[in-house]
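Novice: Predicted model and sequence below, questions to follow.
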Amino acid sequence: VQLQASGGGLVQPGGSLRLSCVASGSIFSINVMGWYRQPPGKQRELVVTKTSGGATIDADSVKGRFTLSRDNAKNTVYLQMSSLKPEDTAVYYCYARVSTYGSSGYLDYWGQGTQVTVSS
């Protein structure tokens, strides 16, 4: 299973950015899919995830600013980030909990990370 993320970059405070992540491989089902981030000098933290049934968990720091949408048919998630702040600067990692064909249970997979920098 591979997670391919795209859409990072440099944006000014107050601006918007959209991240995308596509999962590919021998995927039977994806239970949870979403994003984590790792700010400079800090540990990786949850941004927002969504289950296949639509249940969402998001960090308090992004509520009302970030929106996660998920296309189950395409194994894809989109993170729309608005009203960006300098403290949103981080490497953003796509995440998925996946069940593959021929296996039992789910495993966690991570994308390669994409840099988001919010600065004037």
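Specialist: Arrived safely, thanks for sending. Numbering: from 1, shown residues only.
Novice: residues contacting the residue of the chain most remote from its centre?
Specialist: Most distant from the centre of the chain: Gly102, at 26.3 Å, with distances by CA atoms, centre = their mean. Contact analysis of Gly102 by CB atoms under 8 Å, 6 or more residues apart in numbering lists Ser26. The C-beta positions use only the backbone N, C-alpha and C, and glycine is treated the same way.
Novice: tell me the SS of the residue nearest in space to the middle of the chain?
Specialist: Among the residues of the chain, the one closest to the centroid is Trp35, at 2.3 Å (CA atoms, centre = their mean). Counting by DSSP: H, G, I helix; E, B strand; the rest coil, the backbone at Trp35 sits in strand.
Novice: Can you say which helix or strand has the closest residue to it other than its chain neighbours in it?
Specialist: Closest residue to Trp35 apart from its sequence neighbours, by CB to CB, 6 or more residues apart in numbering: Val47 at 4.2 Å. Using DSSP states H and E, Val47 maps to strand 45-51.
Novice: Could you list the residues in contact with that strand?
Specialist: Under the contact criterion CB under 8 Å, 6+ apart, strand 45-51 has outside partners 31-39, 56-59, 62, 66, 68, 70, 77, 79, 92, 95.
Novice: That strand: what's the following helix or strand?
Specialist: Trace forward from strand 45-51 with DSSP H and E and the next one is strand 56-58.
Novice: The residue farthest from the centre of the chain - that's part of a helix, no?
Specialist: No: if the criterion is three-state DSSP, then Gly102 is coil and not within a helix.
Novice: Distance of it relative to Gly14?
Specialist: Counting by CB to CB, to the nearest Å, the gap from Gly102 to Gly14 is 48 Å.
Novice: Then Leu107?
Specialist: Distance check for Leu107 against Gly14: by CB to CB, it reads 38 Å.
Novice: Please apply the same query to Val62.
Specialist: The gap separating Val62 from Gly14 is 15 Å, by CB to CB.
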